[in-house]
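> Pasting the sequence and the predicted coordinates here, then a few questions.
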Amino acid sequence: MSDAQQYVVFLINEQTYGIEILKIKEVVAYKKITPLPDMKGFIKGIINLRGVVLPVFDLRKKFNLPETSYTPFHTIIVMEISGRVMGVIVDEISDVVELLPEEVQATSSLPPGVHTEYMKGIGKKEYGLMVLLDIDRLLSPEELEILDAA
Amino acid sequence: MINWIDKLLKRTGLRVKILVATIMVVGVFTGLFLYEALSSSTERALKQISQSNQSLLKNTYSAIRYPMSVGDSKTVEAQLKDVKEHMEGIEVYISDFRNTVIYASEEDRINTSITHYLSEKKNQKVLSNVISTGLPPEESLTETEDNEIFMVTMMPLLNESSCHHCHGTSQRILGAMVVKHSVKEVYASLAAARNRLIVFSAIEIIGIILVINFLFNRLVTRRITSLAEKTGQVSAGDINVEIHDDSRDSIGRLARDFNHMIRNIRDRIEYANSLSRGITDAFLMVDPDMKITYINDAAAKLAGVRPADVQGKKTCKEVFNSDMCRTSCPIKRAMQTGKVSAGQKVTLKTSEGKEIPIMASGATLLDSSGKILGGFEIMRNISKEVKAESILKNSFLKEEEKKEKLQSRVEDLSNILNRVSRGDLTVRGKISSENDAMDQLVQRTNETIDRMEELIGQTKNAALAVVNGVRYISEENQKLSQRTQQQASTTEETSGTVQELVSGITMNAGNTQRADRLSKEAVTVAAEGGNTVKNTTEAMNDMAEGSRKVVEMMDLINEITFQTSLLSINAAVEAARAGEHGRGFAVVADEIRRLARRSSSASKDIQGLVQNIVERAGTGKEWVGQLENGFKKIIQTIKEASDALGEVSSATQESAKGVEQIGQAMGEMSDVVEHNATLVDELANAAEHLNEKATLLQDMTDKFILSDRYDIEVEDFGFKKGILVSKNERRGNKPLTTKPLREELATQYPIEEKSEDFIGKELDAGFEEF
């Protein structure tokens, strides 16, 4: 029981992803994102979360997935990435699951050719696989710099 | 006696004893010395006198021997006279054997008995002995005369050959010569010497005694007295003493050892004091009578006294007037049992009446022989510990209570959610006044349930409306079906009538009238059917409206379910962050999440069903529209049929073929009506299906138990009841008549000529879509 790790599971483009629950500060419903002028790449803009202004980005762009129009049922996961609090837009939060160590396949043991840059491992549950993201590796130093500048 | 001396010896001081002993010893020795010195000097003096007397005797004898031998008395006398003159204090007597003085230094004493001058019998006896034996006396003699002492020396005057010429030979001894030598001066000088000696001796004794006393005093007594004084001080308890004596003798050593010993004692006392001072807890020592001998500041503070006021003055009980003194004094216990009484928890009542919890330990103080000298007690003020313990206990209890409270609250909430998950939405979580996270959770949960209840109530309402509408549609459809069947049968009857008309070529006016009436009735029934279809259309519209509302509600439900889901995820995140403490919370969050998921899936199901209903309602509406058109056409057709009947009636006679065609047309119409009935059946089936779905929706919403305020108000669709009549009623329970219709038809309806193709075409146009 104590080895189990809790993951918040969400969907982007019908694909299931997981993030360690402790990395997450909270989840909020999609709210209107204020775009900033001259925003680069994946950063969508900023939101006001109870007085705190957070940068928000979309993993679709990051993962080279087709863009979608946002509905009120999209969710922003507020998390701390490399010491910065920011929001990440996902399609849907599906669940919170507990994964035992044996249910997590490390990236090193994945078949060759799999792109494991942002991955921590693959979570295996009877109902399917989920990509466990290593959020601290999600952003490159350059991207972080852009964020800091924003 | 011995005891008395013993006592005296014990009682007198050392100095006195030594003085007495010195005096005694010196006195005895000096006395002996004096005695010896005096006796020997006297003896010596007497011996000297005796010797001088002997020599005088011999000298005198030798001096007078010759004159005497020649008988020269004058020379003898002169000689003796000379002795008297020159030798003071010496008397010389020469006597014959009859003791008559022949010659004497004192002339007047010649011819007197010598015994006058030897007054002492002893001397007279010695003289006679000398004269008889012819031997000088062995010892010197003394003669006391008129308090004057004389030394007496004698010698016999033997009858020597020189004497024979006068004295003959008969007498062996002629007489004796006696010298009396006054020893007065000798004695005087002896006495003077003796006196001097005694004086000197006395001075010497005193000097020696003084010196010895002084020395003894200086070297021994004073130091020992000082030692004794210090020892006395020490034994009296004053250990701040030191003896300054650096001599190398035994007393010096004793003093040094004493100093060393005192230092040791001081060290030990200091050690003990350090120990007692080092005790920061309340500490006191008592003597066997429980009188306080030492009390430290902490103990004094505890008792509210000053150490100086109680030390050696008050008993422990007087100072600590506490229950503990009567019941459980640790010192008394230690004194009784001889064991250390340790770690006793008691309550001390101070003079102010304040109760202080203390940890008291007591033990006895023993001397080297094991006698109890007193005891000591250490009282540790454990009020802080007790307080801390009670605080700890309280906080533990509070924590437990909180935990239990939280547990019970979580259980309550879990029960509520459980009931909610089973569909009972009347329950609400109780909100405590603490306004904590749990309360917020309960609040949110309650809000969620409120919203859900509201929504489901509205959904239920809408669903019931749909169900009612659908039921109504179904009922009406059934009625429509019945009517259609009635119509079909009516058409059949008409057809039969036409057949009758055909078979009985002779037209019967009654038949024609009846056909006409039937035709009219058919028109009425068709009109009623049309109305029903209109009502059905309205119901369908209502249903579509209801479904739209349901869809709107569903959006709201989805919104809430989405918010609930987010809430539950956030709760799970918070619970995970709280770690083990959030475990219960995580369960609740999981429960809520599951509920939200169930709500979501249920809402999706409902949405699907409603969508289905909407679609089917659309289809039904379309069908009903078409049915309406069909009815219109039926009415028209019946009218036309009626017209045709008229034509038939008028043309019966003319053309059996025409009637036959009518019969045929009627048959076709009957088919159409039958087809129509089939379609109405299908519509009924569709409505039934819709009803089933609506019932399912209702059943699903019925699973939710709602509070009274969501009592369902059934929407009134405004359908008019009782517009249907059975075929028999319609017929007035009369048997089918075979009254010829032709006349009536011929009179009431103008018959238009319509080709059979037209009718077929029209029918096809109206119903082919069915």
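Here it is on my side, so go on.
> From now on I want contacts and neighbour counts done on CA atoms only, so please keep to that.
Noted.
> What segments of chain A are helices?
A:59-62, A:141-149 (DSSP state H).
> For the residue most central in space within chain A, give me its contacts.
Computing the C-alpha centroid of chain A and ranking residues by Cα atoms, centre = their mean puts residue A:88 first, at 5.6 Å. Residue A:88 makes contact with A:56-59, A:76-79 under the criterion Cα atoms under 8 Å, 6 or more residues apart in numbering or on different chains.
> Now do residue 150, the pLDDT please.
Unless you meant another one, I'm taking chain A. pLDDT for residue A:150: 58.
> Please refer instead to chain B.
Reported pLDDT for residue B:150: 82.
> right, and it touches residue B:120 too?
No. Residue B:150 is not in contact with residue B:120 according to Cα atoms under 8 Å; the separation is 11.3 Å.
> Tell me which helix or strand comes right after the helix or strand hosting residue B:332.
Residue B:332 belongs to helix B:330-337 when assigned by DSSP states H and E. Toward the C-terminus, helix B:330-337 is succeeded by strand B:341-349 as the next helix or strand (DSSP H and E).
> Distance to chain B added to the helices of chain A, as a markdown table?
Output for the helices of chain A, formatted as a markdown table (distance: least, Cα to the nearest Cα, whole Å):
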| stretch | distance to chain B |
| --- | --- |
| helix A:59-62 | 19 |
| helix A:141-149 | 25 |
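> Point out the most buried one among those.
helix A:59-62 (a mean of 16; mean count of other Cα atoms under 10 Å in any protein chain shown).
> Check which helices and strands that helix is in contact with.
Contacts defined by 3 or more Cα pairs under 8 Å, 6 or more residues apart in numbering or on different chains; DSSP states H and E place helix A:59-62 against strand A:84-90.
> And the strand it packs on, what's buried?
Using 16 or more other Cα atoms under 10 Å in any protein chain shown as the test for burial, strand A:84-90 gives A:85-90.
> Switch the residues you listed over to CSV; also include pLDDT.
What follows is those, written out as CSV (pLDDT from 0 to 100):
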residue, pLDDT
A:85, 88
A:86, 88
A:87, 91
A:88, 90
A:89, 90
A:90, 90
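> Show me which of the residues you listed is closest to residue B:27.
residue A:85 (121.6 Å; Cα to Cα).
> ok, that closest one - contacts?
A:54-55, A:78-79.
> still on that earlier bit, are there residues contacting both of residue B:150 and residue B:120? Which ones?
With Cα under 8 Å, 6+ apart, residue B:150 and residue B:120 have common neighbours B:143-144.
> Specify which residue of those two has the higher count of neighbours.
Neighbours were counted for residue B:150 and for residue B:120 using other Cα atoms under 10 Å in any protein chain shown; residue B:150 has more, 22 against 14.
> for the residue nearest to the more buried one when sequence neighbours are not counted, what are its contacts?
Closest residue in space to residue B:150, ignoring its immediate chain neighbours: residue B:182 at 4.1 Å, by Cα to Cα, 6 or more residues apart in numbering or on different chains. Residue B:182 sits next to B:89-90, B:148-151 when contact means Cα under 8 Å, 6+ apart.
> Now intersect these with the strands, please.
Secondary structure from DSSP state E places B:90, B:148-151 of the contacts of residue B:182 in strands.
> quick one: the strands in the chain?
Using chain A here. A:5-12, A:15-20, A:24-29, A:43-49, A:52-58, A:75-81, A:84-90, A:92-99, A:104-106, A:119-125, A:128-133.
> I was thinking of chain B, sorry if that wasn't clear
B:90-96, B:101-104, B:141-145, B:148-158, B:173-182, B:282-286, B:292-295, B:341-349, B:355-366, B:372-381.
> Now the second one: average pLDDT?
So the one you mean is strand B:101-104. 84.
> Check the first one too.
Confidence for strand B:90-96, expressed as mean pLDDT, is 84.
> Repeat that for the fifth one.
For strand B:173-182, the mean pLDDT works out to 84.
> next one: the last one
Throughout strand B:372-381, pLDDT has a mean value of 83.
> now that strand and helix B:330-337, what's the angle there?
Here strand B:372-381 runs at an angle of 140 degrees relative to helix B:330-337 (axes from the mean of the first three to the mean of the last three Cα atoms, to 10 degrees).
> Let me see the residues that make contact with strand B:372-381.
B:281-290, B:299, B:330-331, B:334-335, B:356-367.
> Quick check: buried residues in it?
Applying 16+ other Cα under 10 Å to strand B:372-381 flags B:374-381 as buried.
> ok so, going back, let me have the helices of chain A in a markdown table, adding distance to residue A:96 as columns.
What follows is the helices of chain A, written out as a markdown table (distance: least, Cα to Cα, whole Å):
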| stretch | distance to residue A:96 |
| --- | --- |
| helix A:59-62 | 19 |
| helix A:141-149 | 28 |
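> Among those helices, show the one with the smallest mean pLDDT.
Across the helices of chain A, helix A:141-149 gives the lowest mean pLDDT, at a mean of 75.
> If whatever residue of chain A ends up closest to chain B is in a bridge, with which residues?
Per Cα to the nearest Cα, residue A:26 is where chain A lies closest to chain B, at 5.2 Å. Going by DSSP bridges, residue A:26 is paired in beta bridges with residue A:78.
> what residues are up against it?
Contacts of residue A:26 (Cα under 8 Å, 6+ apart): A:77-79, B:569-570, B:573.
> Give me the phi and psi for the residue in the stretch 101-250 of chain B positioned nearest to chain A.
Ranked by Cα to the nearest Cα, the top residue of the stretch 101-250 of chain B for proximity to chain A is residue B:239, at 71.6 Å. Dihedral pair for residue B:239: phi -100, psi 10, per degrees, to the nearest 10.
> does it really touch residue B:264, like I thought?
No. Residue B:239 lies out of contact with residue B:264 (Cα under 8 Å); the separation is 10.3 Å.
> okay, these two: which has more neighbours?
Counted by other Cα under 10 Å, residue B:239 and residue B:264 do not tie: residue B:239 has more neighbours, with 17 against 12.
> can you count the residues close to residue B:282?
22.
> where does chain A have low pLDDT?
A:1-2, A:38-41, A:112-115, A:149-150 (pLDDT under 70).
> what does the stretch 551-700 of chain B have sitting close to chain A?
Neighbours of chain A within the stretch 551-700 of chain B, by Cα under 8 Å from any Cα of the partner chain: B:559, B:562-563, B:566-567, B:569-570, B:572-574, B:576-577, B:590, B:593.
> could those be laid out in TSV, adding neighbour count?
Formatted as TSV, these follow (neighbours: other Cα atoms under 10 Å in any protein chain shown):
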residue	neighbour count
B:559	16
B:562	24
B:563	19
B:566	25
B:567	23
B:569	28
B:570	21
B:572	30
B:573	27
B:574	20
B:576	22
B:577	17
B:590	20
B:593	25
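> from the contacts of strand B:372-381, which would you call buried?
Judged by 16+ other Cα under 10 Å, buried ones among those: B:281-288, B:290, B:299, B:330-331, B:334-335, B:356-365.
> ok, back up a step: looking at the contacts of residue B:182, point me to the pair that's furthest apart.
Among these, B:90 and B:148 lie farthest apart (Cα to Cα), at 12.5 Å.
> neighbour count winner among those two?
residue B:90 (22 against 12).
> For the nearest residue to that one once chain neighbours are set aside, the count of nearby residues, please.
In space, and not counting its chain neighbours, residue B:90 is closest to residue B:181: 4.5 Å by Cα to Cα, 6+ apart. Around residue B:181 there are 24 other residues, counting by other Cα under 10 Å.
> Residue B:165 now?
12.
> And for residue B:73?
15.
> from what I can see it touches residue B:67, true?
Yes. Counting by Cα under 8 Å, residue B:67 is a contact partner of residue B:73 at 6.7 Å.
> picking up where we left off before, looking at the strands of chain A, which is closest to residue B:112?
strand A:5-12 (169.9 Å).
> buried ones in that closest one?
A:5-12.
> Please apply the same query to stretch B:126-142.
In stretch B:126-142, counting by 16+ other Cα under 10 Å, buried: B:126-128, B:130-132, B:134, B:136-137, B:140-142.
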